[in-house]
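Asker: pasting the structure only:
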């Protein structure tokens, strides 16, 4: 069975897409402009020490300031690209889960289970993959690393962060419950 799944992912890598993930029965979780602005403010405040180092007259501090600013610029660039993202941050549809920011589409048959969420206001969801080997070759670097971690360390391959999304775990669980409640932990299958 694993061989069949790998072949299907190879077909998917050739740009054979499933039906439109944003169907009428889909749940779309969007990025929050307010939370993105807050993340941008944090990045700007993190850059302040580098600006102070640039004012200093020592060339070594200029180099350190430049090295300090590179990751901050990368974070700001990522925040900008998330703000410009027109499709949903996370789309839960009858076909699976689409992560718009990563360009990853998890079909329901690729998901082994969604781990228990203990708090309805949680901001992280852990997902185990059914066939982590298949994702090691045909997915983004983060998902490949997560698949390796799932195999080697027995931890979930994918963690969805809801910190910058206008939703919480309950919204996501409701969307999954509408399509595939069997993937949820027994404590999360029924609404309280």
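Answerer: Happy to help now that I have it. None of the values given here were measured: they were computed from a predicted structure.
Asker: Mind listing what's buried along the helix or strand that contains residue 150?
Answerer: Secondary-structure element containing residue 150, defined by DSSP states H and E: helix 141-153. Residues of helix 141-153 classed as buried: 143-144, 146-147, 150 (neighbour count, 16 or more other C-beta atoms under 10 Å). In this view, the C-beta of every residue, glycine as well, is placed from N, C-alpha and C.
Asker: and if you look at stretch 162-175?
Answerer: 162, 164-165, 167-173, 175.
Asker: Next: stretch 95-112.
Answerer: Taking 16+ other C-beta under 10 Å as the basis for neighbour counts, the residues of stretch 95-112 that come out buried are 95-102, 104-108, 110-112.
Asker: domain ranges for the chain?
Answerer: As given by automatic domain parsing, the domain ranges for the chain are 2-31+86-189, 33-83.
Asker: With respect to those, which exhibits the lowest mean confidence?
Answerer: Taking the average pLDDT of each of the domains of the chain, the minimum falls on domain 2-31+86-189, with a mean of 82.
Asker: so of the domains of the chain, which one's packed in deepest?
Answerer: The densest packing among those, expressed as mean neighbour count by mean count of other C-beta atoms under 10 Å, is seen in domain 2-31+86-189 with a mean of 16.
Asker: nearest to residue 125, of the buried residues of helix 141-153?
Answerer: Checking the buried residues of helix 141-153 against residue 125 by C-beta to C-beta gives residue 146 as the nearest, at 13.1 Å.
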